[in-house]
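Enquirer: Provided below are the primary sequence and the corresponding predicted coordinates.
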Amino acid sequence: MAKILIAFFMILGIAFLGYYYKVNHDVHNERKLSALPIIEGDRNHHVGAFSFTNQDGKVITNADVKGKVVVVSYFFATCKGICPRMNENMTQIYKAYRGNKDVIILSHTVDPKKDTVAALKAYSLRFDADPNQWMFLTGSKKELYDMARYSYLINAKEDTVGVNIENDFIHDEHYSLVDRHGRIRGFYNGLEQSDIKKLTEDIKSLLQETD
């Protein structure tokens, strides 16, 4: 009888330990997946469709980055202020994930009239950017600006009602982070090293997500 009771409690103990491990494992995974918020507070906001041209003259669309983790920025090649610093800091992200086919950087010009394909090619060489991973994009100014404000939520709060597109201008130091499902997961100050470090870590978190 004693042996039966001992065996019973041993089995019960093993079952309890197994349950405890499963619960803690599930909680750990849940925390890992929910560590980064989905911006807008729900799952309804997704990055829209786009079609731009990169520094090699290749048309890049949303289909080319589907299922990827994407870092987004806006700049212009002749900028002497924040843009050089932003792109120098972006090289830290690029080097950290260089060669990782699941990580893409999209740097959009805000001055497509001057930033031709040739100008973007010359500019991209300053950062040794692989056009298959770090893409410098140009296209229609309206489409570039609409993507910034309404898809990537960069400069989204600026009131542009009644502003002619020719007179409109975006000059914003923030990067936007997009997950594999086209959802915005964070904003980062491209001039702050603390934000660059956090972005590097957050990309890693998104790569590990399975949701």
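Expert: Cool, got the structure. Numbers count the residues shown, from 1 in each chain.
Enquirer: going forward, measure contacts between C-alpha atoms and count neighbours the same way
Expert: Fine.
Enquirer: remind me which residues of this structure are low pLDDT?
Expert: Across the chain, residues meeting the criterion (pLDDT under 70) sit at 1-34, 41-43, 156-167, 169.
Enquirer: Distance of the residue most central in space within it relative to residue 91?
Expert: In the chain, the residue lying closest to the centroid (CA atoms, centre = their mean) is residue 177, at 2.4 Å. Distance of residue 177 to residue 91, computed by CA to CA, to the nearest Å: 15 Å.
Enquirer: now residue 55
Expert: According to CA to CA, residue 55 stands 17 Å off from residue 91.
Enquirer: likewise residue 53?
Expert: From residue 53 to residue 91 the distance is 21 Å (CA to CA).
Enquirer: now do residue 199
Expert: Here the distance between residue 199 and residue 91 works out to 12 Å (CA to CA).
Enquirer: More neighbours: which of these two?
Expert: residue 199 (22 against 17; other CA atoms under 10 Å).
Enquirer: Just the residues contacting the helix or strand containing that one, thanks.
Expert: Assigned by DSSP states H and E, residue 199 belongs to helix 193-208. Helix 193-208 has contacts (CA atoms under 8 Å, 6 or more residues apart in numbering) with 32-33, 36, 69, 89-90, 92-93, 96, 102, 177, 179-180, 188-190.
Enquirer: hmm, try it at 6 Å
Expert: Residues from elsewhere that reach helix 193-208, judged by CA atoms under 6 Å, 6 or more residues apart in numbering: 188, 189.
Enquirer: Also stretch 58-67?
Expert: Contacts of stretch 58-67 (CA under 6 Å, 6+ apart): 49, 50, 51, 52, 53, 180.
Enquirer: Apply 10 Å and report the result again.
Expert: Stretch 58-67 is touched from outside by 47-54, 101-106, 117, 131-133, 135, 137-139, 179-182, with contacts defined as CA atoms under 10 Å, 6 or more residues apart in numbering.
Enquirer: So which of those residues are in strands?
Expert: Assigned to strands by DSSP state E, the following of the contacts of stretch 58-67 qualify: 51, 52, 53, 103, 104, 105, 106, 135, 137.
Enquirer: From residue 198, how far off is the last one?
Expert: Going back to what we said before, that points to residue 137. Counting by CA to CA - residue 137 and residue 198 are separated by 25 Å.
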